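>>> sharing a model prediction with you, sequence too.
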Amino acid sequence: MPRKINAKAIISYSLLAVILILSFVPIIMMVSMSLRDSLLIYGDFWGLPWPPKISNYSFALFDLLAPVLRTMYLCVISILGIMLFATLSGYAFARLSFVGRNMMFWVIVMLMTVPGVLLLTPNFVLADWLHLKNSLEGLAVFYIGGGQLFAIFLLRTFFTSQP
């Protein structure tokens, strides 16, 4: 029994195909422009890159190597610091009994609702006062402090779920 061809389905799939093709245009243009000299981008925007300049990728790789390494260093330091302090705090909130435990945990949950933008000026003043400006370690200190709230919340729920 042959399937009935539906005009609505044909229009829908045709529209989806057009959208799919158009969604690849920025990617194709990005690759095309990355293979050109900068003067060719301004001179012939829609033209094909001829001759292709593969050396652009090596320049980009060498220019981006130092920032990528700095970012990886900052991520590793920040994640290790967040996990170290939040694991201790999360375990304490989950397993230990002390005065004000529930109230302190709800304060942490409420502090999670404070937008990070509101902390920019106080953090800058604090970084200036502690002489932590213009250093990756100073930035890591604020990343560690800023990541504590969610990490404590997450690890407390993890530790309470464990038998």
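The structure has been received and is ready for your questions. From a predicted model like this one, the values you see are computed outputs, not experimental measurements.
>>> can you list the residues that contact the helix or strand of the chain with the lowest mean pLDDT?
Using mean pLDDT, DSSP states H and E, helix 38-43 stands out as the lowest-scoring helix or strand of the chain, at a mean of 74. With contacts defined as Cβ atoms under 8 Å, 6 or more residues apart in numbering, helix 38-43 is touched by 33, 47, 49. Backbone N, C-alpha and C define where each C-beta goes, glycine included.
>>> which positions within that helix qualify as buried?
Leu40 (16 or more other Cβ atoms under 10 Å).
>>> mind checking what helix or strand follows it in sequence?
helix 55-95 (DSSP states H and E).
>>> averaged pLDDT, that next one. What do you get?
Taken as a whole, helix 55-95 carries a mean pLDDT of 92.
>>> what of stretch 108-128?
Stretch 108-128 comes out at a mean pLDDT of 91.
>>> contacting residues around that stretch?
Contacts of stretch 108-128 (Cβ under 8 Å, 6+ apart): 132-133, 138, 142, 146, 149-150, 152-153.
>>> filter those down to the buried ones, ChimeraX style.
A single ChimeraX command is used to select the members of the contacts of stretch 108-128 judged buried by 16+ other Cβ under 10 Å:
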select :132,142,149,152,153
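>>> TSV please, covering the contacts of stretch 108-128 and showing distance to Gly100.
Below are the contacts of stretch 108-128 laid out as TSV (distance: Cβ to Cβ, whole Å):
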residue	distance to Gly100
Leu132	30
Lys133	35
Gly138	31
Phe142	26
Gly146	23
Leu149	17
Phe150	21
Ile152	15
Phe153	17
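>>> need the max-distance pair from the contacts of stretch 108-128.
Pairwise distances across the contacts of stretch 108-128 peak at 29.6 Å for Lys133 and Phe153 (criterion: Cβ to Cβ).
>>> coming back round to it: is it possible to export the contacts of stretch 108-128 to JSON lines including pLDDT?
Below are the contacts of stretch 108-128 laid out as JSON lines (pLDDT from 0 to 100):
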{"residue": "Leu132", "pLDDT": "89"}
{"residue": "Lys133", "pLDDT": "89"}
{"residue": "Gly138", "pLDDT": "90"}
{"residue": "Phe142", "pLDDT": "92"}
{"residue": "Gly146", "pLDDT": "90"}
{"residue": "Leu149", "pLDDT": "92"}
{"residue": "Phe150", "pLDDT": "93"}
{"residue": "Ile152", "pLDDT": "94"}
{"residue": "Phe153", "pLDDT": "93"}
